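Undergrad: With the input below, show me the fold.
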Amino acid sequence: MNKLTLQIAANHPTGAGHFPGNPIIPGALLLAEVLRRIEQSEGKSFSACNVKAAKFLHPARPGDTVEIEYERSAQGTIEFQCTVAGTKVLSGGIVASA
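TA: Numbering: from 1, shown residues only. All right, here's what the predicted structure looks like:
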């Protein structure tokens, strides 16, 4: 299992409007940032990947440190799960063509 860290800036611009007084990172943004970290780690582009599943289990907030664990199969499937302070916030999988 590969492990990565994603630090979400405390002043992330989405916090002001999503939602005022109770900022959370939008799920699509969290997924994109997690995939970007995995891409960087793998040294490959997933621009043509298919998202098999994505489950947003708990909010991630500005200032959070997201721990990412992922595993890539020989067939190109990548399964991942993400936690913040031990709480699972996102899990899913993609099929990467790269």
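Undergrad: Residue 87 - nearest residue in space that isn't next to it in sequence?
TA: Spatial nearest neighbour of residue 87, chain neighbours left out: residue 58 (5.2 Å); criterion: C-beta to C-beta, 6 or more residues apart in numbering. The C-beta positions use only the backbone N, C-alpha and C, and glycine is treated the same way.
Undergrad: residue with max distance from the center of the protein?
TA: In terms of distance from the mean C-alpha position of the chain, residue 21 ranks first, at 23.2 Å (C-alpha atoms, centre = their mean).
Undergrad: helix or strand for residue 82, which one?
TA: Using DSSP states H and E, residue 82 falls within strand 77-84.
Undergrad: Please disregard the earlier target; I meant residue 32.
TA: Applying DSSP H and E as the criterion places residue 32 in helix 27-42.
Undergrad: Any idea how far that helix is from the middle of the chain?
TA: Taking the mean of its C-alpha atoms, helix 27-42 sits 5 Å from the chain's own mean (C-alpha atoms, centre = their mean, to the nearest Å).
Undergrad: Give the rounded mean pLDDT of it.
TA: Helix 27-42 shows a mean pLDDT of 95.
Undergrad: Show me which positions of the helix or strand just after the strand holding residue 82 end up buried.
TA: Next in sequence after strand 77-84, counting helices and strands by DSSP H and E, comes strand 87-95. For strand 87-95, a neighbour-count test (16 or more other C-beta atoms under 10 Å) marks 89-94 as buried.
Undergrad: how about low-confidence regions in this structure?
TA: Along the chain, segments meeting pLDDT under 70 span 98.
Undergrad: rewinding a little: strand partners of the strand holding residue 82, parallel vs antiparallel please.
TA: For strand 77-84, the paired strands and their directions (DSSP bridges) are strand 65-72 (antiparallel), strand 87-95 (antiparallel).
Undergrad: So which of these is nearest residue 2?
TA: The closest of these to residue 2 is strand 65-72. By C-beta to C-beta, the value is 5.3 Å.
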